[in-house]
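A.B. asks: coordinates only, sequence not included:
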């Protein structure tokens with residue numbers, strides 16, 4: 001595998017620290033070929049180092065120094081970036097500038113307060129990401145949180161509608177397979193489904209299983225009926241994968257619509273990790 005680079009976005013929160021200090025998570029990144037990590041901290045435009053009672057500058061430097069030491073000790077080359085602006089825009093900007101193959105962001109999941117802070121960054125990145133985005137879910141409501149799923153890709157659930165977007169997500173197994181043991185292929189048939197009859201669906205899923213078998217991956221299929229987002233989330237509850245994998249439709253002026261309620265609802269409401277694969281930058 002050629003060396004890959006990842007942007008790891010941190011706001012110096014407990015969620016970020018948990019993600020970075022996960023030895024298993026860092027090992028998963030190494031196994032899929034990541035050898036360089038860009039630690040990115042975005043200072044919101046409305047936060048100033050001179051604000052009374054808070055020394056943001058010292059805290060940032062101390063936190064980034066500790067994070068860098070942790071990631072370097074795990075065998076990665078590390079660069080740090082401290083920038084000011086809107087988090088998702090600056091994260092995307094750096095990812096594009098360095099040609100990152102992956103963006104990682106920690107999220108403590110559904111909570112009224114967190115949904116406005118980390119949650120909003122994850123949601124906005126899902127709408128606009130320029131590289132495959134991994135939302136690493138962190139426990140909430142505890143003082144010493146852990147990652148919700150210890151392994152990033154060990155058990156992966158791929159939601160497929162047999163579209164070009166889904167095929168692009170499937171192709172990530174070319175490198176994810178080095179950290180994956182089993183794959184669940186989920187297809188949801190809705191009233192508007194035009195993917196063929198049940199026999200055709202089973203045949204197409206069988207073709208995907210054959211490709212996974214050639215990579216040495218165990219697989220199973222799950223065909224459901226109903227609302228796609230709701231059924232994908234129900235499949236996650238049933239199969240308990242490490243990560244949900246799905247493709248998105250890419251960026252446009254109508255991004256909020258074209259991301260689709262499916263991708264966005266899954267990113268926001270999934271219990272575990274979500275790996276969202278957008279079109280390539282040149283698309």
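C.D. replies: The structure has been received and is ready for your questions. Here the structure is a predicted model, which means the values were calculated and not measured. Numbering: from 1, shown residues only.

A.B. asks: CA atoms for contacts and neighbours, from now on please.
C.D. replies: Fine.

A.B. asks: what residues does stretch 163-176 touch?
C.D. replies: Contacts of stretch 163-176 with the rest of the structure, by C-alpha atoms under 8 Å, 6 or more residues apart in numbering, involve 1, 32-33, 153, 158-160, 215, 245-249, 276-279.

A.B. asks: any idea of the mean pLDDT for that stretch?
C.D. replies: If you average the pLDDT over stretch 163-176, you get 95.

A.B. asks: residue boundaries of the strands in the stretch 101-250 of the chain?
C.D. replies: In order along the chain, the stretch 101-250 of the chain carries the following strands (DSSP state E, counting those that start in this stretch): 102-107, 133-137, 155-159, 182-189, 218-225, 243-247.

A.B. asks: In its sheet, which strands sit next to the fourth one, and in what direction?
C.D. replies: In the sheet containing strand 182-189, the strands it pairs with under DSSP bridges are strand 155-159 (parallel), strand 218-225 (parallel).

A.B. asks: sorry, back to before: could I have the buried ones of the contacts of stretch 163-176 as ChimeraX selection syntax?
C.D. replies: Selecting only the buried entries of these in ChimeraX, with 16 or more other C-alpha atoms under 10 Å as the criterion:
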select :32,33,153,158,159,160,245,246,247,248,249,276,277,278,279
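
A.B. asks: now the stretch 101-250 of the chain, which segments are flagged as low pLDDT?
C.D. replies: Within the stretch 101-250 of the chain, the stretches falling below the threshold (pLDDT under 70) are 109-119, 192-196, 250.

A.B. asks: Sketch out the helices for it, chain order is fine.
C.D. replies: Defined through DSSP state H, counting those that start in this stretch, the helices belonging to the stretch 101-250 of the chain, from first to last, are 118-128, 164-170, 173-176, 198-214, 228-239.

A.B. asks: picking that back up, now the strands of the stretch 101-250 of the chain as TSV including distance to residue 77?
C.D. replies: What follows is the strands of the stretch 101-250 of the chain, written out as TSV (distance: least, C-alpha to C-alpha, whole Å):
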stretch	distance to residue 77
strand 102-107	15
strand 133-137	20
strand 155-159	27
strand 182-189	30
strand 218-225	33
strand 243-247	25
